[in-house]
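Visitor: With the sequence up front, the predicted model follows.
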Amino acid sequence: MQTAFHTANFFARASNYQTSIDDWGAAERRIIENFSLMEFRRICEDIYQAGFKNIELWMGHAFPKHMTSYWADELKDILKEHDLTAISYSCSLGDPIHFPHWTRLCFETSKMLGIDLITSGISKEAAPYVYELCKEFDIRVAVENHPEKHPDEIRQIIGEYGDYIGAGVDTGWFGTQGFPAEEALSYLKNHLFHVHLKDVDASGRHYTVEPGKGIVDIEACISVLKDIGYSGFLSIENEAADRNPLKECENGRILAENLLSSHTHSS
């Protein structure tokens, strides 16, 4: 297992961290409108200085409607300059049944960026349409939980498409929904493609905090991941709206890496 930095952690950056998670749409638009290669270089420098080697690239920093092969090459060059590897493309695949063009754009963007894993929430009805694109582009999709209150809802979405569609467990959202994240990880162990390691301050709402400082049992989560033999990435996620989360994410990385080095298999 390795850690990664989710660039959606900077969703409030263009709003000078004077927003809220409820105003996500407006904050995201500001990111997209103000984005530049210079800003991406600054972001990568910050992430590198925080000790990360991998990133999960959020669509706000690689917007499908704006993506070209030239732009993708520029982003990849900046990542390379900072010794960063993009391990996942985090986006909204939208509604592939009624708006298939957008969903295809997301796959095309991931392909141009050289990323073979997309993280996104999708519905059970959308799964067969997404699966066809997965096969066409040879890109896997990790289904991220947000409204789902039980991991079985994710397993039902995956259904018979498990070779290309798996689980992308967001520990913080399971905390918000009041379900123990470590149990969700164990429940989905045979389908687990990706993990968003996130913490929240309380069940019933989604106010993110430094991993290990909230209600999610981060230590138990990593213990389970070790026990089930998970070998993917732990994407540190802390989408703070009212403060720069960089230092908290660095602390989260250090916590996760310390736990990874100290835990052993229980069987």
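Guide: It's in.

Visitor: Enumerate the positions of stretch 217-230 that are buried.
Guide: Within stretch 217-230, the residues that count as buried by 16 or more other CB atoms under 10 Å are 217, 218, 219, 220, 221, 222, 223, 224, 225, 226, 227, 230. The way it works is simple: take the backbone N, C-alpha and C, and place the C-beta from them, glycine included.

Visitor: whoops, stretch 153-160 was the one
Guide: Using 16+ other CB under 10 Å as the test for burial, stretch 153-160 gives 154, 155, 157, 158.

Visitor: coming back round to it: ok, the buried residues of stretch 217-230 vs residue 114, which is closest?
Guide: residue 230 (23.4 Å; CB to CB).

Visitor: circling back to that earlier point, going by distance to residue 139, which of the buried residues of stretch 153-160 wins?
Guide: So of those, ranked by how close each gets to residue 139 (CB to CB), first place is residue 158, at 15.5 Å.

Visitor: from the buried residues of stretch 217-230, which ones fall inside helices?
Guide: 218, 219, 220, 221, 222, 223, 224, 225, 226, 227 (DSSP state H).

Visitor: Skipping adjacent residues, who's closest to the fourth one in space?
Guide: When the adjacent residues along the chain are set aside, residue 221 lies closest to residue 182, with 4.9 Å between them (CB to CB, 6 or more residues apart in numbering).

Visitor: With the second one instead?
Guide: The shortest distance from residue 219 to any residue other than its chain neighbours is 5.9 Å, reached at residue 259 (CB to CB, 6+ apart).

Visitor: Am I right that the one you found is in a helix?
Guide: Yes. Assessed by DSSP: H, G, I helix; E, B strand; the rest coil, residue 259 belongs to a helix.

Visitor: Secondary structure class of residue 55, three-state.
Guide: Once three-state DSSP is applied, residue 55 turns out strand.

Visitor: ugh, wrong one, I meant residue 83
Guide: Applying three-state DSSP: residue 83 is coil.

Visitor: what about it, neighbour count?
Guide: 11 (other CB atoms under 10 Å).

Visitor: what does residue 29 give?
Guide: 13.

Visitor: repeat for the one 5 residues further on
Guide: The number of residues packed around residue 34, counting by other CB under 10 Å, is 11.

Visitor: re the thing from before, what would the ones in helices among the buried residues of stretch 217-230 look like in TSV with distance to residue 98 and pLDDT?
Guide: Shown next, in TSV, are those (distance: CB to CB, whole Å; pLDDT from 0 to 100):
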residue	distance to residue 98	pLDDT
218	38	98
219	43	97
220	40	98
221	36	98
222	39	97
223	42	97
224	38	98
225	36	98
226	42	97
227	41	97
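
Visitor: what about residue 114, which SS state?
Guide: From three-state DSSP, the assignment for residue 114 is coil.

Visitor: For the residue nearest to it when sequence neighbours are not counted, what is the enclosing helix or strand?
Guide: Nearest residue to residue 114 in three dimensions, chain neighbours excluded: residue 76, at 6.5 Å (CB to CB, 6+ apart). Using DSSP states H and E, residue 76 sits within helix 69-81.

Visitor: who are the neighbours of that helix, in terms of helices and strands?
Guide: helix 37-49, strand 85-90, helix 100-112 (3 or more CB pairs under 8 Å, 6 or more residues apart in numbering; DSSP states H and E).
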